[in-house]
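> Following is a predicted model, sequence given first.
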Amino acid sequence: MILFTIDTSGRNGALAIARRDEQGIRVLAQESLSGGQYSAELIPKFAAMLDQLKLTKKDVDAIAVVAGPGSFTGLRVGLAMAKGLAEILEKPLTAVSSLELVAAAAKDGSATVVAALDAGRNEIYLGHCEVHPKLEVRTHAEMLIKPEELAERMREFDSRLVTPEEKIVAAATKMNLPVEQVAAPGAELLAALAFAQLDRGMTVRPDDLDANYLRRSDAELFTTPLA
């Protein structure tokens, strides 16, 4: 089974093509994406990977996209490509949470953790996630908080913090909170989590796919309603 993955949720992004067979899951090709250039790079880099592997779009069996939380612009571009390909190729589509990816990177293969990502603007994305064997991840709560709220939320969830962000690790350490710094999730983990979701039938119709922003857009924040 060949899977195409799209991650445009952060400051920089990545595309990958992975295969799962009797030998396991292997990333066959991947391309990094420059922040601010997603629209221009997605199609050419996808085409370059297909050429490199001597594949065509029709050889792709499924599509996975990181649906947030994350960058407004990045998520919109990535989801638009995922929707378009899934609809044109009539292939299954699965949406992966960026916070669940972080939770899945925890060293303990079966645990309840609080995944954290830098949301910018002096804010943090938090996800209270339950990680089961075979990469089954369930999110109980997601929220956007200020750093000074971190200790209170961690007491509420009574779980250790998991994050790839050094500044969140530093903040948690100052608050004497249990924290594990993990590597930023890459193409291998994204593919593994996506395959696990596909196995459980966790697919979404292109028309129903939407980004998980957690934060309102600037347009919503700064638009004054008409009297």
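Now that the structure is in, tell me what you want to look at. Numbers count the residues shown, from 1 in each chain.
> now stretch 139-158: mean pLDDT?
For stretch 139-158, mean pLDDT is 96.
> which residues touch that stretch?
Residues outside stretch 139-158 that contact it (CB atoms under 8 Å, 6 or more residues apart in numbering) are 69, 97, 99-100, 112, 114, 116, 119, 122-130, 161, 168, 171-172, 175, 177-178, 212, 214-215. Bear in mind the C-beta positions are built from the backbone N, C-alpha and C, glycine included.
> Just give the nearest non-adjacent residue to Val137, would you?
Glu100 (4.3 Å; CB to CB, 6 or more residues apart in numbering).
> quick one: the one you found and Gly127 touch, right?
Yes: with contact defined as CB atoms under 8 Å, Glu100 reaches Gly127; the gap is 6.8 Å.
> out of these two, which sits in the more crowded spot?
Comparing Glu100 with Gly127 by neighbour count (other CB atoms under 10 Å), the higher total belongs to Gly127, at 27 against 23.
> show me the contacts for that one.
Ser97, Leu99, Glu100, Val102, Ala103, Val114, Ala115, Ala116, Thr139, Ala141, Glu142.
> out of the residues you listed, who's nearest Ile6?
Nearest to Ile6 out of the contacts of Gly127 is Ser97 (CB to CB; 13.9 Å).
> How far does stretch 78-90 sit from its chain's centre?
In terms of CA atoms, centre = their mean, to the nearest Å, the centre of stretch 78-90 is set 17 Å apart from its chain centre.
> Now that stretch: buried residues?
For stretch 78-90, the neighbour count (16 or more other CB atoms under 10 Å) marks Gly78, Leu79, Ala80, Met81, Ala82, Lys83, Leu85, Ala86, Leu89 as buried.
> Phi, psi for the last one please.
For Leu89, the backbone dihedrals are phi -90, psi -10 (criterion: degrees, to the nearest 10).
> how far away is it from Leu101?
24 Å (CB to CB, to the nearest Å).
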